[in-house]
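1. no sequence on this one, just coordinates:
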């Protein structure tokens, strides 16, 4: 299980990123598409790390919403 952050991008697409996997970012025309795309990106990212015999970062997070 991985934390994913999703937010509207400047181009009208939804952006999704996985903070525990640096550079693991995707997007989609809808929230659902962005979530599907980031799920696939996470799988490929982790498979690539394993194929290259690199450690897979653990998922350790605490989610907060801060009102400003």
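-> Yep, it's here. Keep in mind that this is a model prediction, so the values were computed, not measured.
2. can you list the residue ranges for helices in this structure?
-> Ranges of helices in the chain, per DSSP state H, are 31-51.
3. and residue 18, how many neighbours?
-> 22 (other CB atoms under 10 Å). Quick note: C-beta positions are derived from backbone N, CA and C, even for glycine.
4. ok, it touching residue 42?
-> Yes. The criterion here is CB atoms under 8 Å, and residue 18 meets it with residue 42 at 5.5 Å.
5. identify the contacts common to those two.
-> By CB atoms under 8 Å, 6 or more residues apart in numbering, residue 18 and residue 42 have these common neighbours: 2, 4, 24.
6. okay, now the first one: neighbour count?
-> Other residues near residue 2 come to 17 when the count uses other CB under 10 Å.
7. show me the shaky parts of the protein.
-> Within the chain, no range satisfies pLDDT under 70.
8. and with 90 instead?
-> For the chain, applying pLDDT under 90 flags the ranges 1, 60-65, 68.
9. hmm, back to that, can I get the shared contacts of residue 18 and residue 42 in a markdown table including distance to residue 52?
-> Listed next are the shared contacts of residue 18 and residue 42 as a markdown table, based on distance: CB to CB, whole Å:
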| residue | distance to residue 52 |
| --- | --- |
| 2 | 19 |
| 4 | 23 |
| 24 | 15 |
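10. looking at these, which is nearest residue 32?
-> Among the shared contacts of residue 18 and residue 42, residue 4 lies closest to residue 32 (CB to CB), at 12.7 Å.
11. list just the nearest of the shared contacts of residue 18 and residue 42 to residue 33.
-> Once CB to CB is applied, the member of those that ends up nearest residue 33 is residue 4, at 13.3 Å.
12. tell me who's in contact with that closest one.
-> Applying CB under 8 Å, 6+ apart to residue 4 gives the contacts 16, 17, 18, 35, 38, 42.
13. touching, residue 49 and residue 42? I think so.
-> No. With contacts counted by CB under 8 Å, residue 49 stays clear of residue 42, the gap being 10.9 Å.
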